[in-house]
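Asker: turn this into a model:
(one chain, ligands or ions: 1)
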Amino acid sequence: MSAPASGGMPATVLVRGLERRFGNTTVLDRLDLSVGAGEFVALLGRSGSGKTTLLRTLTGLDPVQTGEVRVPAAQAVVFQESRLLPWKRVWENVALGLEGADARGRAEVALEEVGLGHRLAAWPLTLSGGEAQRAGIARALVREPSFLMLDEPFASLDALTRLRMQDMVGALWRRHRCAVLLVTHDVDEALLLADRAVVLDKGRIRASFPIALPRPRRHADPDFARLRAALLDALDVRAVDQAA
Ligand SMILES: Nc1ncnc2c1ncn2[C@@H]1O[C@H](COP(=O)(O)OP(=O)(O)OP(=O)(O)O)[C@@H](O)[C@H]1O
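Answerer: Next up, the predicted model:
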């Protein structure tokens, strides 16, 4: 795959002219998007703008009606709820579908990496919300994806747990360097984690902001506040109409 993504990186994910209609409603409208190798992209947009539909198309759950979608085979997705099987222990959930005699060992290493080494044999229903999401992230990482999709993974967590999880995901990304597409409603989350924030509106990309802030990112940084204001503007329908 040689088409360049933003920043001159080779594209890991390439979407060209993607359309998705449900009956007479166009949900994705000639959408173009690329995610570079190792690039962290945050996808923001108002409710109903098509974020989940785009993600479902990238995972193959939703068909490509019109347009082109290229994603690597080594992909993984983490949803808002962890979707662990309650009748399997935590390590078994993470090892599910892995091949080879070392599946359990690999699952345990992934769980240790997300700070769950002490709950390997626990039943999912005994985990806190944050722990369950950690297990979901371990289940994704153990597959060594070159493309990781995160669909509002922290939305149901309390504010403090969310901050801890954001820190953890930032650290994991620096270590693994896979391409990431994070769907979020949280502008600060995008600014804390992503290389680029992309705004979806009515099924089209309306804005794409490079987030050229040094890491670790700080809310107190004046550039952080400037980017937050620009991103909030782009999410506002009046600003979108002016840009269109
Ligand atoms: N299977 C379907 N049949 C009909 N309409 C659908 C279907 N799936 C999604 N839609 C419509 O497509 C539009 C986009 O939905 P989508 O879930 O992708 O938005 P979203 O940006 O993820 O929203 P949210 O932020 O609320 O999760 C909505 O108007 C939704 O009603």
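
Asker: isn't residue 224 right next to residue 191, touching?
Answerer: Yes - with contact defined as C-beta atoms under 8 Å, residue 224 reaches residue 191; the gap is 5.8 Å. Yep, even glycine has a C-beta here, placed from its N, CA and C like the rest.

Asker: can you list residues touching both of these two?
Answerer: Residues touching both residue 224 and residue 191 by C-beta atoms under 8 Å, 6 or more residues apart in numbering: 213, 217.

Asker: pick out whichever of those two has more residues nearby.
Answerer: A direct count of neighbours by other C-beta atoms under 10 Å for residue 224 and residue 191 places residue 191 higher, at 22 against 17.

Asker: hey, where'd the strands end up in this protein?
Answerer: Under the criterion DSSP state E, the chain contains strands at 11-22, 25-36, 40-45, 66-70, 75-78, 147-151, 179-183, 196-201, 204-210.

Asker: can you put those strands in a markdown table and add distance to residue 119 and mean pLDDT?
Answerer: Shown next, in a markdown table, are the strands of the chain (distance: least, C-beta to C-beta, whole Å; pLDDT from 0 to 100):
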| stretch | distance to residue 119 | mean pLDDT |
| --- | --- | --- |
| strand 11-22 | 32 | 95 |
| strand 25-36 | 32 | 96 |
| strand 40-45 | 27 | 97 |
| strand 66-70 | 37 | 96 |
| strand 75-78 | 18 | 96 |
| strand 147-151 | 21 | 97 |
| strand 179-183 | 25 | 98 |
| strand 196-201 | 33 | 96 |
| strand 204-210 | 38 | 93 |
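
Asker: distance to residue 58 and mean neighbour count for the ones you listed - can I get that in a markdown table?
Answerer: Compiled in a markdown table, the strands of the chain are given as follows (distance: least, C-beta to C-beta, whole Å; neighbours: other C-beta atoms under 10 Å):
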| stretch | distance to residue 58 | mean neighbour count |
| --- | --- | --- |
| strand 11-22 | 7 | 18 |
| strand 25-36 | 9 | 18 |
| strand 40-45 | 10 | 25 |
| strand 66-70 | 7 | 14 |
| strand 75-78 | 8 | 21 |
| strand 147-151 | 6 | 24 |
| strand 179-183 | 7 | 25 |
| strand 196-201 | 13 | 23 |
| strand 204-210 | 14 | 16 |
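
Asker: I'd like those strands as a markdown table, with distance to residue 122 appended.
Answerer: Converted to a markdown table, the strands of the chain look like this (distance: least, C-beta to C-beta, whole Å):
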| stretch | distance to residue 122 |
| --- | --- |
| strand 11-22 | 34 |
| strand 25-36 | 34 |
| strand 40-45 | 30 |
| strand 66-70 | 37 |
| strand 75-78 | 19 |
| strand 147-151 | 23 |
| strand 179-183 | 27 |
| strand 196-201 | 36 |
| strand 204-210 | 40 |
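
Asker: closest one to residue 101 among those?
Answerer: The closest of the strands of the chain to residue 101 is strand 75-78. By C-beta to C-beta, the value is 22.0 Å.

Asker: let's see the closest one as CSV, backbone CA atoms only.
Answerer: The C-alpha coordinates for strand 75-78 follow below in CSV (Å, rounded to 0.1, in the frame of the first residue of the first chain):
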residue,chain,number,x,y,z
GLN,A,75,-6.8,-5.5,12.9
ALA,A,76,-8.6,-5.4,16.3
VAL,A,77,-11.4,-3.4,17.8
VAL,A,78,-12.4,-2.4,21.3
